[in-house]
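return a 3D structure for these sequence lines:
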Amino acid sequence: KARDVQNFYFFCQHITLIPTLRSLLEQPDNGIDAFLAPGHVSMVIGTDAYNFIASDFHRPLVVAGFEPLDLLQGVVMLVEQKIAAH
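Residues are numbered from 1 along each chain as shown. From the prediction side, this is the model:
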């Protein structure tokens with residue numbers, strides 16, 4: 001403001017993942033079997049933030065990166081968790 005700069009802006013969009021996940025899971029017949037959580041978000045919030053998914057809703061969750069092998073490994077881990085639960 002002091003220099004009258006007209007083309008510089010800050011835009012903060014505070015998107016929160018955990019309330020969104022909880023809202024999805026609270027919907028009846030949501031059809032969600034498991035979660036593949038984003039690694040970059042999980043690095044910031046930590047994995048404890050996801051504990052309610054297993055404890056309250058009994059769904060598996062794996063944190064994975066975005067590389068193809070990371071995603072594939074995450075899916076394999078989810079399938080293994082689903083099999084182990086039965």
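
at which residues are the helices of the protein located?
17-26, 39-45, 51-57, 68-85 (DSSP state H).

now tabulate the ones you listed in a markdown table and tack on mean neighbour count, distance to residue 4 and mean pLDDT.
All C-beta spots, glycine's among them, are computed from the backbone N, C-alpha and C. Converted to a markdown table, those look like this (neighbours: other C-beta atoms under 10 Å; distance: least, C-beta to C-beta, whole Å; pLDDT from 0 to 100):
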| stretch | mean neighbour count | distance to residue 4 | mean pLDDT |
| --- | --- | --- | --- |
| helix 17-26 | 13 | 38 | 91 |
| helix 39-45 | 12 | 35 | 90 |
| helix 51-57 | 13 | 49 | 96 |
| helix 68-85 | 13 | 47 | 94 |
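
redo these as CSV? Include distance to residue 2.
Converted to CSV, the helices of the chain look like this (distance: least, C-beta to C-beta, whole Å):
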stretch, distance to residue 2
helix 17-26, 37
helix 39-45, 33
helix 51-57, 46
helix 68-85, 46
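
any idea which of those helices gets closest to residue 1?
helix 39-45 (30.7 Å; C-beta to C-beta).

other SSEs contacting the closest one?
helix 17-26, strand 61-64 (3 or more C-beta pairs under 8 Å, 6 or more residues apart in numbering; DSSP states H and E).

swap in 6 Å and give it another go.
For helix 39-45, the packing partners by 3 or more C-beta pairs under 6 Å, 6 or more residues apart in numbering; DSSP states H and E come out as strand 61-64.
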